[in-house]
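> What would the 3D arrangement of this be:
(chains A and B)
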Amino acid sequence: MNVPTRQTPSPVPDHVLPRGWLLDRVALYLGRDAETIDPTVPLAEYGMDSVCALSLCGDLEDEFGLVVEPTLLWDHPTVQSLLGFLATELAVADAREER
Amino acid sequence: MQLSRFATFTDLVRARCAEFAGDDVHIQLRDAKDGPEAERLTYGELDRAARRVAGALRAHGVEGRPVLLMYPGSLEFLKAFVGCLYSGAVAVPAPLPDGGVKGRLGRSSAMLRDCKAPVVLTDRASAPDVALWLATEGRDDVVCVASDALGETGEDAWQPPATRPDDLAFLQYTSGSVSEPRGVMVTHRNLMANEAALQRVLGTTADDRFGGWLPLYHDMGLIAHLLHPLWLGSASVMLSPTAFIKRPVRWLQAIDRYGVTIGGGPNFCYDLALRRVTDEQIGRLDLSRWRLALNGAEPVRADTLDAFARRFAAAGLSAEAMYPCYGLAEATLVVSGGVRGEAYLRREADAAALARDVVAPAEPGAESRTLVSSGRVTDFDVRIVDPVGYRELPEGAVGEIWLRGESVAAGYYGKPEESEAAFRAVLQGGEGGFLRTGDLGVLDDGQLYVTGRLKEVVILNGRNVYPQDVEYAVKSLHPALAAGTGAAFSVEAGREQLVLVQEVRGEQLEEAQLRELAQRIQALVGKEFHVPAGNVLLVRPGTVRRTTSGKVQRTLMRREFLAGEVHGEYEVFDPAVRALVRAGDVLLGQGLLQSAGGGGAW
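Sure, this is the predicted structure:
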């Protein structure tokens, strides 16, 4: 059995983040091409509403085994900030598994 | 005349609880990580829980007074609702308070201010949020009761209330905007009449099982999904709206697993299931027992009905199960529905004629619209009426739908004048006592086709969005917006879409600032009104048309917008709407426009 550590988990490296997957899902719900989505532009500007936001929550939970708040997409309104959130969450989950 | 041995819904529920004490009345599916968890409630347990709630309510002396019901789940809600019946209090189903930036603009706050409920019923988990909300509202005098934390005392001491048929059973706040909330007063007589109408229209028996994902502050959710099974001595199954939207397949899995035979929702939920449920998931579903997939509460689209029936036929769904129907809170719920087991009727109408309120056969080559029949109106006296002169119109003419019958509610709570105008309208010839529905429709060979709305309410994602609420909320974002006038309306571009034209007044704003304002507007509308705000135009002062009395002319604005005559200092469009109103500009080259507008959503 591993000894639990108190270290903050280091963020998951950028290249393993599901950027393409996330852009594809977002594009699907917004009904537009993934290439037309600027990762730094708030998704509401592309017409994101709460149905789209909740749909993505469901996808994230299923894909990564996370439990996220229904407000996630409003707290992290761009693709970029969502990836940042995922980087931290996935690192925490990894650290938990390693124990 | 409705022949029932029960004078009130309370008497009926008590009889059912005694007769079916050991049977399930409700199954709540709680969304958990590894799948839904079922919680069951029997009629006997419901009876005991309702007695406890009634005992607590009596202690607060709320007989005949409104009590807000704010629950995250359906199971505790049902106990509280019956508890209100058992105490003689008037249940007011409400959404949980909105923690968002809308604050006092939220629907729950509007309801509380309007009905002045002295007590809020909720559960233990939500009680802290509800108490905080009451404090924010400055209503520390309102008592917040967690109904799942009541002791078992009082069950035996309970005495039935002296409820009469014309006493209020509950208030339904599905109609009315936040700025002008309207609680429909449903009496026991209304409820009994409409439950009987539901049985006749849908041909229900105690073998039917009901349910779905609709919230219980929605009329179809409350009256068809939750209360009709009580009326029959049957059971309901429910998951939360959030669980449905996160994973639409869970709605269909619940129908399969628990043998739901009747249930549905607005057109949008069928579209969502079509988009999000995979073929592989359909392969594992058995929907053969689902005999009536109700589709109402927003315009019914023939292409949705067709696509859903075609795709889910693989899961055993019969094409005749697709069931368009029409109803509204002011008529308790159901007004009409098709013939069970037969395909619904439709007709192709000429689009240009329809815009002039005439239903004419579609000419070859001309633009047409498919009208879906909402079936026959059997339990009401229905008239199609010229909404200006109140003259009754002949068959085939489009006019406002007026209704008369036992299901027509008593009026709007605390609004006698408005109630008189809406619920006791008089035809030109002198016949009175009609409900003005505000919906436009046509009777054709006895079939009712709903063609549009008289009111400016926008229905998106199954939600009524009131333009004045959106316009008001947007103004709260920035002084430059507050000083200007805004107009919200919807346009048809593939689907119904919201457009906001908002003046920016008082200060010169840079393009980057305008863009940031538009983004904040879009986030506000998307998050607080739950609909996409794909189209925002920030315009110069004086662009938004108003009447001399200052009323925003939304219909005129929509016409100008569709004609491509409204131009903003900053604009962002949904691609389909852009194609509609900027068709000519696209030919000039996008780059040209982008430098003028600079938006990111082209």
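
> Report the beta-bridge partners for the residue nearest to residue B:243 when sequence neighbours are not counted.
Using Cβ to Cβ, 6 or more residues apart in numbering or on different chains and skipping residues adjacent in sequence, the residue nearest residue B:243 is residue B:31, 3.8 Å away. (Glycine included, C-beta is placed from N, CA and C.) On the basis of DSSP bridges, residue B:31 is bridged to residue B:36.

> Please tell me how far residue B:31 sits from residue A:63.
In this view, residue B:31 and residue A:63 are 17 Å apart by Cβ to Cβ, to the nearest Å.

> of the two, who's got more company?
residue B:31 (18 against 13; other Cβ atoms under 10 Å in any protein chain shown).

> Quick one: residues contacting that one.
Residue B:31 is in contact with B:239-240, B:242-243, B:246, B:250, counting by Cβ atoms under 8 Å, 6 or more residues apart in numbering or on different chains.

> for the residues you listed, which one is nearest residue B:529?
residue B:242 (16.4 Å; Cβ to Cβ).

> Skip the chain neighbours and tell me the closest residue to the residue of the stretch 151-300 of chain B found nearest chain A.
Going by Cβ to the nearest Cβ, chain A is nearest to residue B:246 of the stretch 151-300 of chain B, at 3.3 Å. Leaving out its chain neighbours, the residue that sits closest to residue B:246 by Cβ to Cβ, 6+ apart is residue A:58, at 3.3 Å.

> secondary structure class for the one you found?
Here residue A:58 is recorded as helix under DSSP: H, G, I helix; E, B strand; the rest coil.

> Could you tell me which ranges of chain A sit under the pLDDT cut-off?
Applying pLDDT under 70 to chain A picks out residues A:1-16, A:97-99.

> Where do the helices of it begin and end?
Defined through DSSP state H, the helices belonging to chain A, from first to last, are A:19-30, A:50-64, A:72-75, A:79-98.

> other SSEs contacting the longest one?
When you say that, I think you mean helix A:79-98. Here helix A:79-98 touches helix A:19-30, helix A:50-64, helix A:72-75, going by 3 or more Cβ pairs under 8 Å, 6 or more residues apart in numbering or on different chains; DSSP states H and E.

> Quick one: closest of those helices to residue B:495.
helix A:50-64 (12.4 Å).

> Spell out which residues of the stretch 251-400 of chain B are next to chain A.
B:272, B:276 (Cβ under 8 Å from any Cβ of the partner chain).

> For the stretch 251-400 of chain B, which segments are assigned as strands?
B:262-265, B:292-295, B:322-327, B:334-337, B:346-350, B:368-377, B:381-385, B:399-404 (DSSP state E, counting those that start in this stretch).

> Distance from the chain centre to the longest one, please.
Put plainly, it is strand B:368-377. 20 Å (Cα atoms, centre = their mean, to the nearest Å).

> Mind listing the strands that strand pairs with, and their directions?
In the sheet, strand B:368-377 lines up with strand B:334-337 (antiparallel), strand B:346-350 (antiparallel), strand B:447-453 (antiparallel) (DSSP bridges).

> and what of the second one?
Partner strands and pairing direction for strand B:292-295 (DSSP bridges) are strand B:262-265 (parallel), strand B:322-327 (parallel).

> neighbouring contacts of that strand?
B:202, B:220, B:224, B:261-267, B:270, B:304-305, B:308, B:317, B:321-325, B:337, B:340.

> Give the rounded mean pLDDT of it.
For strand B:292-295, mean pLDDT is 96.

> cool, the fifth one as well?
Across strand B:346-350, the average pLDDT comes to 91.

> mind saving the C-alpha coords of that strand as PDB?
The C-alpha atoms that make up strand B:346-350 are tabulated as PDB, following Å, rounded to 0.1, in the frame of the first residue of the first chain:
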ATOM      1  CA  ARG B 346     -51.600  17.100 -41.000                       C
ATOM      2  CA  ARG B 347     -52.100  19.400 -43.800                       C
ATOM      3  CA  GLU B 348     -49.900  21.600 -46.000                       C
ATOM      4  CA  ALA B 349     -50.800  25.200 -45.800                       C
ATOM      5  CA  ASP B 350     -49.700  28.000 -48.000                       C
END
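
> Need the residues that contact it.
B:302, B:359-363, B:366-373, B:444, B:449.
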